[in-house]
Each structure stands twice: as structure tokens, then as C-alpha cells.
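Peer 1: Just a sequence and a predicted model for now, questions to come.
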Amino acid sequence: MRGDWLEFCRAVSADVTTALELLPTRDDREPVLGRGEGGDDTTRIDADAEAAAVAQLERLHATGIDFRLVSEELGERRFGGDSPWVVVLDPIDGSLNAKRCLPFYCLSIAFADGPTVDDVRFGYIRDLANGEEWVAEAGAGATVNGRQLGGVRPKPRLGVVDLEATTARLVADAADRLDGHVGRIRMMGALALAMCQLADGRVDAVATLKPSRSVDLAAAAVIVREAGAHLMLPDAPHLPLDLHTRTRAVAARDEEQALRLAGLVYPDG
């Protein structure tokens, strides 16, 4: 399936951006249309963004390329015959932010040549609010807007930690455990994009307080790792690329920092 992955992702990004421009307000974006295969409500913005992305995938398949799609709303769909290639798509990670026009949400696409997160060969995340483009290819490094990642490192101390997949109770409990160990807590509301902030040293660690799925993690995983940071998936170290398996996730500067943070946010292991 290898081809010009970046060109394809940019085409998807352009079409998703156009779809969002046609839904400029919260009232336009948040009507509930049904329930997605992932179990969450499908809103207008979710449906229109996914439709734009899937149309590009259909064009890709029409060129003779077969693959399995894993997508937030649509679920799993096979394009063509049996193939090891998997496309993992989240048309809008941080959809609550997007619905409310809060500028922190993204498009996430990963290409894998096998069934787990370890098999991801290319990851693309586009910040749909400010236009930043995060790209990584396994073994070839990661970039943001063409600038190589890894030169700016997260700090050796946990100065700023981002918590994702949050509820008020989970945050309150985690804050008690982190008090005295962490300088500041942020909750930005889009896991894939938060992981990108870590990859560029803007935050020092990221942790989920509830388990997340491959649509949230697949592209971010290769970006974080290629930037030289460490990602732990304690509940599913070899996370399957499906819509059902979930895992908590911790990412930090290195394994030592990730283990330290995991011990604080997951006291029961």
C-alpha cells in the first residue's frame, strides 16, 4: 500500500476542513444524528467530517489498493479483499471541543501493515484549529510543519502534565495523588493532539484517566516514539487496531518518567 501517504492525508485534511467550514457555529455542529459504532453519540460535525474522509478513502481504493478501515463513527469496513493494511481514522479527535468551537481538535490518520499499534508505519495529525501538521514515519523520525521533532525535549521534571479522558471525579482523585509531584495540570480535551504537544516538549507528560481506543492512539503513538519520547499502554501493550480494545496510556520524556507518572495516576496498577 505504500505510496504518497502525506499527499493523501493532506487531501483528506482539506476535505475535512471544508466540511467544518460549512458548520461554523455550535448550533450547526452539535445536533445528534445517532450513535456511532464506537458507542458515542454521532453529531453533525462527526458525521460530515467522517463522510469527507471516507470519500477520499473510497478514491484510494478505486486506485486498486485494498485495506481495512477502523473509524470512530463508521466502525470497521473492509475495502477490497484480504490485505494486511489497516487505515485507522479519527476524523475529529476532541469532538467536544470542535462542537463548542474551542480551538483544540484534530484529524488523526494512521497506516499500519499489521493488526496492532506496533505495526503503524505512518502517522498524520492535523490540528484543525491552528493548522499545525504532525507527521511521522516509522524509523524515519517525526516532524511538525516540516521541523524535525526531538530537538526540544520535555523537561526532566513533571512541570506540566496533561490529563485526558477525564471526568470531574477522576480529575479530583488524580489531582490529590499528583499534588507535590507535578507542577501544573492541564486538560486540553484531545488525546492525539495532546500527545503531539509532548512530542515537541510543550508538556512534560500526558496520561489518560480512562481507557482509550486505537483511533485515539495509533497516529499519536508513532509520532511520540519517533520524537524520542516514551509511550506506555499498560492494559494493552500491543494494542489491537480495532474499535473495541481499550487501554490507559501514559507518555513522557523517557521510560523512567512514564513509570513514575503511571504510579501516581494508576495507584492500583
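Peer 2: Alright, I've got the coordinates. Numbers count the residues shown, from 1 in each chain.
Peer 1: and the gap between the residue of the chain most remote from its centre and Asp204?
Peer 2: Residue farthest from the centre of the chain, counting by Cα atoms, centre = their mean, is Gly180 at 29.2 Å. For Gly180, the distance to Asp204 equals 16 Å [Cβ to Cβ, to the nearest Å]. For the C-beta atoms, the positions are set from N, CA and C on the backbone; glycine is no exception.
Peer 1: before we move on, the earlier item: if I look at the residue farthest from the centre of the chain, how far off is Lys155?
Peer 2: As for Gly180, its distance to Lys155 is 17 Å (criterion: Cβ to Cβ).
Peer 1: what's the answer for Asp118, then?
Peer 2: 28 Å.
Peer 1: Please apply the same query to Ala219.
Peer 2: From Ala219 to Lys155 the distance is 25 Å (Cβ to Cβ).
Peer 1: Looking at these two, which is more packed in?
Peer 2: Between Ala219 and Lys155, Ala219 has the larger neighbour count (other Cβ atoms under 10 Å), namely 35 against 14.
Peer 1: returning to what we had before: can I take it that the residue farthest from the centre of the chain is in a helix?
Peer 2: No - using DSSP: H, G, I helix; E, B strand; the rest coil, the assignment for Gly180 is coil, not a helix.
Peer 1: residue contacts, it?
Peer 2: Counting by Cβ atoms under 8 Å, 6 or more residues apart in numbering, Gly180 touches no other residue.
Peer 1: Same check on Arg126?
Peer 2: By Cβ under 8 Å, 6+ apart, Arg126 lies in contact with Cys9, Ser13, Cys106, Leu107, Glu132, Glu133, Trp134.
Peer 1: now, among those, which is nearest to Arg59?
Peer 2: Nearest to Arg59 among the contacts of Arg126, counting by Cβ to Cβ, is Cys9 at 13.2 Å.
Peer 1: Mind listing the residues bridging to the closest residue to the closest one other than its chain neighbours?
Peer 2: Of all residues not flanking Cys9 in the chain, Tyr124 sits nearest, at 3.9 Å (Cβ to Cβ, 6 or more residues apart in numbering). Legend: beta-bridge partners of Tyr124 under DSSP bridges are Ile109, Val135.
Peer 1: Tell me how many other residues crowd Tyr124.
Peer 2: Tyr124: 25 surrounding residues under other Cβ under 10 Å.
Peer 1: The residue nearest to Asp127 when sequence neighbours are not counted: neighbouring residues, count only.
Peer 2: Among residues not flanking Asp127 along the chain, Cys106 sits closest, at 5.2 Å (Cβ to Cβ, 6+ apart). Using other Cβ under 10 Å, Cys106 is surrounded by 31 other residues.
Peer 1: the helices in the stretch 151-269 of the chain, which residues?
Peer 2: 168-178, 191-199, 214-226, 255-265 (DSSP state H, counting those that start in this stretch).
Peer 1: My read is that Gly189 contacts Lys99, right?
Peer 2: No - shown here, Gly189 and Lys99 do not form a contact pair, counting by Cβ atoms under 8 Å, at 10.9 Å.
Peer 1: sorry, back to before: dump the residue contacts of the residue nearest to Asp127.
Peer 2: Ile92, Asp93, Gly94, Ile125, Arg126, Asp127, Leu128, Ala190, Ala192, Leu193, Cys196.
Peer 1: what about the longest helix along the chain, average pLDDT?
Peer 2: Longest helix in the chain, counting residues (DSSP state H): helix 44-62. In this model, helix 44-62 carries a mean pLDDT of 96.
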